[in-house]
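Asks: got a sequence here, can you model it:
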Amino acid sequence: MTEHLNRLTPRQIVFELDQYIIGQNDAKRNVAIALRNRWRRMNSPEDIQKEIIPNNILMIGATGVGKTEIARRLAKIADAPFVKVEASKFTEVGYVGRDVESMVRDLVEQAVGMVRTQKKEEVKLKAEQAVEDIILDALIPPVHGSNAVRVKTDNNSEAIPEDDAELNQRTRERFREKIRNGELDSRKIDIEVQQNQTPNVGMIGGAMDDVSMMNIQEMIGNMMPRRGKKRKVTVEEARKILLDEEASKLIDMDEVKMEAIKKAENLGIIFIDEIDKVASSRSGGGGGPDVSREGVQRDLLPIVEGSAVNTKHGVINTDHILFVAAGAFHVAKPSDLIPELQGRFPIRVELNSLTESDFYQILKTPKNALTKQYVAMMESEGVELEFEDGALREIARIAFEVNSEVENIGARRLQTVMSLLLNDFMFDIPDVIGADSHIVVTADLVSEKLSALVKNRDLSQYIL
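Replies: Residues are numbered from 1 along each chain as shown. From the prediction side, this is the model:
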């Protein structure tokens, strides 16, 4: 579990983040240290491991400056389970404890999915061979009491003489090769697909929490017989359907759940967005919505401090899960959070508002830059799209100006501007602008297309 983290030094982590996120160096350094500290804890003496708690991070910054992207990319770099929740959503359902705990259950589900995928990859070769055998049995069923085998086609069967078992085996191997080469992909066969007959469970009487309900449904599902359903599909479709089923048979789900819980406990990252929306204004009175906001904070507190949460896969301890909270804090201040919760986010990072130069770099540098996305989409139609450097600078200037004139929504403004700039081209492809066309976006074209946006100053229609 720690081998992957061992290769990630703080500088390497920052380098990886730089591929997708422009600026915000302070935030990148802090999350890189926090991630590396997880490896350091797991490689410390056992008697001290449990005492080393994660340095949870509070990110402060306006919308669209990269808070969520930093956390999401961090989880991908670490190959860690990641869940994003919005703190404000908990107020909508009454801020009861089980709703707050749902983010931990979601984290475990993510971890189970990751471990299951990994295990399936490990047994893929065995599963593929099992699938080939099933398809071969459907194509070449042995005819008992006869010195022949019959090869099924779509409408009839072709008899192949069989002098002995060796010839039968050679026939199967020849067809196995045809299956692997894709020569039989369009041929239809009958396969049996397993179905778990799990009924919907309803409860009469007192309320039951989500975990208890999931456990009961899983228990009943395990008790119900798995029935096979006959389906007529092509060999290509059969391979896809059966591969997942055969791989699932080869993995031990109990082992998957144990590994997943361990992975979630030691590597899991929970990103709590809009934490400022549940901060209580200290200058206000002692009633009204401030009471419910403080209730949400107090429900979050035990999860962040470290507690045991029941899930359908087992009990998970949250002591070493990394929590990253974020908020704009336009109205409330970080000091408006209850002191106990403040103490659980010792690392505070303020993210900078994006400059015109940042917008230019965002359009040009990241691997997933919007310009590269549009280039890829047009390339799929056979159209070549090219951006001149002057055009990128003009787009950056306009996006920055719009943010300054209206509401600052950070890098998300670029999506509005790029959409307005390129929508006419996207509509005309491929009917008017055919394949092998070459579109060059110049500074003059940007000015022409976005002239109304620049001149009118009536920007309300462009607010996301």
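
Asks: who does the closest residue to Lys76 other than its chain neighbours form a beta bridge with?
Replies: Spatial nearest neighbour of Lys76, excluding adjacent residues (CB to CB, 6 or more residues apart in numbering): Phe82 at 7.7 Å. Bear in mind the C-beta positions are built from the backbone N, C-alpha and C, glycine included. Phe82 has these beta-bridge partners by DSSP bridges: Ile269.

Asks: phi first, then psi, for Val375.
Replies: phi -60, psi -40 (degrees, to the nearest 10).

Asks: and what of Thr365?
Replies: Dihedral angles (degrees, to the nearest 10) for Thr365: phi -90, psi -50.

Asks: what's the pLDDT at the residue nearest to it when sequence neighbours are not counted?
Replies: Spatially, and ignoring its direct neighbours in sequence, Thr365 is nearest to Ile22 (6.4 Å; CB to CB, 6+ apart). With respect to pLDDT, Ile22 scores 90.

Asks: contacts only, for Ile22.
Replies: Gly66, Leu354, Asp358, Gln361, Ile362, Thr365, Pro366 (CB atoms under 8 Å, 6 or more residues apart in numbering).

Asks: again, but for Phe425
Replies: Met378, Ile433, Ile439.

Asks: taking these one by one, which sit in helices?
Replies: Met378 (DSSP state H).

Asks: and the contacts of Phe425, which is closest to Asp252?
Replies: Met378 (47.0 Å; CB to CB).

Asks: check Gln216 and give its pLDDT.
Replies: Residue 216: Ile, not Gln. Reported pLDDT for Ile216: 56.

Asks: so which residues of the stretch 201-350 of the chain form helices?
Replies: Along the stretch 201-350 of the chain, counting by DSSP state H, counting those that start in this stretch, helices occupy 210-223, 235-250, 253-267, 289-305, 339-343.

Asks: chain center to the longest one, what's the gap?
Replies: Offset of helix 289-305 from its chain centre (CA atoms, centre = their mean, to the nearest Å): 27 Å.

Asks: now it: buried residues?
Replies: Residues Asp290, Arg293, Glu294, Gly295, Val296, Gln297, Asp299, Leu300, Leu301, Pro302, Ile303, Val304 are the ones in helix 289-305 that count as buried (16 or more other CB atoms under 10 Å).

Asks: so what are the domain limits for the protein?
Replies: In terms of domains, the chain is parsed into 3-116+261-350, 124-250, 356-455 (source: automatic domain parsing).

Asks: please identify the deepest-packed of these.
Replies: Of all these, domain 3-116+261-350 has the most neighbours on average by mean count of other CB atoms under 10 Å, namely a mean of 18.

Asks: identify the single longest helix in the protein, thanks.
Replies: helix 97-122.

Asks: about what we covered before: comparing the domains of the chain, which gets the lowest mean pLDDT score?
Replies: Lowest mean pLDDT within the domains of the chain: domain 124-250, at a mean of 69.

Asks: start to end distance for that one?
Replies: End-to-end distance for domain 124-250, by CA to CA, to the nearest Å: 9 Å.

Asks: with stretch 303-321 instead?
Replies: The first and last residues of stretch 303-321 sit 9 Å apart, counting by CA to CA.

Asks: could you check how far that stretch is from the centre of its chain?
Replies: 21 Å.

Asks: next one: stretch 346-359
Replies: 24 Å.

Asks: number the chain from 12, please
Replies: Sounds good: first residue 12 from here, last item stretch 357-370.

Asks: would you mind writing the CA trace of it as PDB?
Replies: Provided in PDB are the C-alpha atoms of stretch 357-370 (Å, rounded to 0.1, in the frame of the first residue of the first chain):
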ATOM      1  CA  PRO A 357      -4.500  23.300  11.800                       C
ATOM      2  CA  ILE A 358      -3.200  24.000   8.300                       C
ATOM      3  CA  ARG A 359      -4.800  27.100   6.700                       C
ATOM      4  CA  VAL A 360      -4.000  28.100   3.200                       C
ATOM      5  CA  GLU A 361      -5.300  31.200   1.400                       C
ATOM      6  CA  LEU A 362      -5.600  30.700  -2.400                       C
ATOM      7  CA  ASN A 363      -5.000  33.800  -4.500                       C
ATOM      8  CA  SER A 364      -7.400  35.200  -7.000                       C
ATOM      9  CA  LEU A 365      -6.500  34.500 -10.600                       C
ATOM     10  CA  THR A 366      -4.700  37.200 -12.600                       C
ATOM     11  CA  GLU A 367      -4.800  37.800 -16.400                       C
ATOM     12  CA  SER A 368      -1.500  36.100 -16.600                       C
ATOM     13  CA  ASP A 369      -2.900  33.100 -14.800                       C
ATOM     14  CA  PHE A 370      -5.800  32.900 -17.200                       C
END
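
Asks: fine by me, thanks again.
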